[in-house]
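Peer 1: Here you go, sequence then predicted model.
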Amino acid sequence: MRVVIIGGGILGTAHAWAAIRRGHEVVQLEREPEARGATVRNFGLVWVSGRSAAELDLTLRSRELWEEIGGKVPGVGFRPAGSITLVRTPEELAVAAAAAASDSAEARGFDLLEPERVRAINPALRGKYLAGLHCATDAAVESRQALPALRAYLTATGRYTFHDATEARSVTDTGSGTTVLDDRGRAFTADLALVCPGAAHTGLTRELVGTIPVRRVRLQMMQTAPLGEPLTTAIADGDSFRYYPGFAGPEVDALEREQSQTATAAEHKMQLLCVQRLHGGLTIGDTHEYTEPFAFDVDEAPYEHLTSVTEELLGRKLPPIVRRWAGVYSQSVDPAAIVTRAKADKHVWVITGPGGRGMTLGPVLGEDTADLLGL
């Protein structure tokens, strides 16, 4: 079967991987010279720890697929580093203890650690905290280098072609397949077209499926110079418990009632996530903004908050900040929806809206679409 995929981000590329893996031929179009959206403006985390019970099996399967991909494509930078969510108050400690005692704790690889055990696993954490919730199944990839590495591997199969700086202008179902016209006047015929537009909900997406139940979310992040020592796990702070559905329960309800976030964290709907890149620098975030139109600039207050929290946990000054950026991703409006798949025609589908889970769930979403469509 011949498949045309529109969109060169992680979701489109994961669908290309799934199709190639099943023996099909893929042509992929990306309107930029390289994907520039949420695919590269993220932590590269394969995040099992906070996923809801309904998502857990899919997330674990995706993590398994990432490990398989990392074995075949070392350039994606897969590493099973795990994570530690560091708690600083009794209310946060109660959430961590409940998570470590939950029915899913073994599947997630949860273990509640005293500070000495935290430092044994991650010696860079010399700061102030009461305990750490270790998640052994969390992992990371290098978001800025994963897609070029994946495309090089797919190209070597002889069944994959990538067209960069190419915008799809129309997608027409022919009854027996589909025809995609690009902005250079070229026509690509295929048995199936998959449109993976990321946060581009207008234009071609709207022409194909109208208004779909997704929204856009904006976040701010930053990158430091090399830390100068290994940060052996990803780290998070207790505000992450408020954000991730996997921790929901009476302990989180009590946390919300009894412990207010700082004014900056509350205003910007913040949590701390931090992961070390292979070059030694730290990617640190993040904020959440849901009301459009989004600002075109970035606010400094969230960066000051993130710096303060990270330095408290590390017990040292951060290296200089070398980059700051904002990103926008697509999130399904229904909180129970893992992704939004909208059928535009018999042989045309639009797929978007995994929220901040695109890197985590990309491989399994590609696999699931292949199953659903009989690829």
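Peer 2: Arrived safely, thanks for sending. Numbering: from 1, shown residues only.

Peer 1: name the helices or strands packed onto the longest helix anywhere in the chain?
Peer 2: As assigned by DSSP state H, the longest helix anywhere in the chain is helix 53-72. Here helix 53-72 touches strand 45-46, helix 105-108, strand 139-140, helix 358-372, going by 3 or more Cβ pairs under 8 Å, 6 or more residues apart in numbering; DSSP states H and E. Quick note: C-beta positions are derived from backbone N, CA and C, even for glycine.

Peer 1: CSV please, covering those and showing mean pLDDT and mean neighbour count.
Peer 2: Output for the helices and strands packed on helix 53-72, formatted as CSV (pLDDT from 0 to 100; neighbours: other Cβ atoms under 10 Å):
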stretch, mean pLDDT, mean neighbour count
strand 45-46, 96, 26
helix 105-108, 97, 16
strand 139-140, 98, 25
helix 358-372, 97, 23
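
Peer 1: Quick one: closest of the ones you listed to K128.
Peer 2: strand 45-46 (23.9 Å; Cβ to Cβ).

Peer 1: What lies in contact with that closest one?
Peer 2: Contacts to strand 45-46, defined as Cβ atoms under 8 Å, 6 or more residues apart in numbering, come from residues 62-63, 66, 83, 138-141, 234, 273, 275, 359-360.

Peer 1: next one: stretch 240-259
Peer 2: 49-53, 55-56, 85, 89, 91-92, 94-99, 104, 108, 238, 261, 269, 271-273, 288, 335.

Peer 1: sorry, back to before: so which of the helices and strands packed on helix 53-72 comes closest to V3?
Peer 2: Of all the helices and strands packed on helix 53-72, it is helix 358-372 that lies closest to V3, at 9.5 Å by Cβ to Cβ.

Peer 1: now the closest one and helix 53-72, what's the angle there?
Peer 2: If you take axes from the mean of the first three to the mean of the last three Cα atoms, to 10 degrees, helix 358-372 sits at 100 degrees to helix 53-72.

Peer 1: Which secondary structure elements does helix 358-372 sit against?
Peer 2: helix 10-21, strand 45-46, helix 53-72, strand 348-352.

Peer 1: do that again at 6 Å, thanks
Peer 2: Packing contacts for helix 358-372, counted by 3 or more Cβ pairs under 6 Å, 6 or more residues apart in numbering; DSSP states H and E, involve helix 10-21, helix 53-72.

Peer 1: so L181 touches R169, yeah?
Peer 2: Yes. Taking Cβ atoms under 6 Å as the definition, L181 is a contact partner of R169 at 5.1 Å.

Peer 1: Now flag whichever of the contacts of strand 45-46 is closest to G185.
Peer 2: The closest of those, once distances to G185 are taken by Cβ to Cβ, is M359, at 34.2 Å.

Peer 1: Identify the residues contacting the closest one.
Peer 2: 10, 42 (Cβ atoms under 6 Å, 6 or more residues apart in numbering).

Peer 1: if we go to 8 Å?
Peer 2: Neighbour list for M359: 10, 39, 42-46, 141, 143 [criterion: Cβ under 8 Å, 6+ apart].
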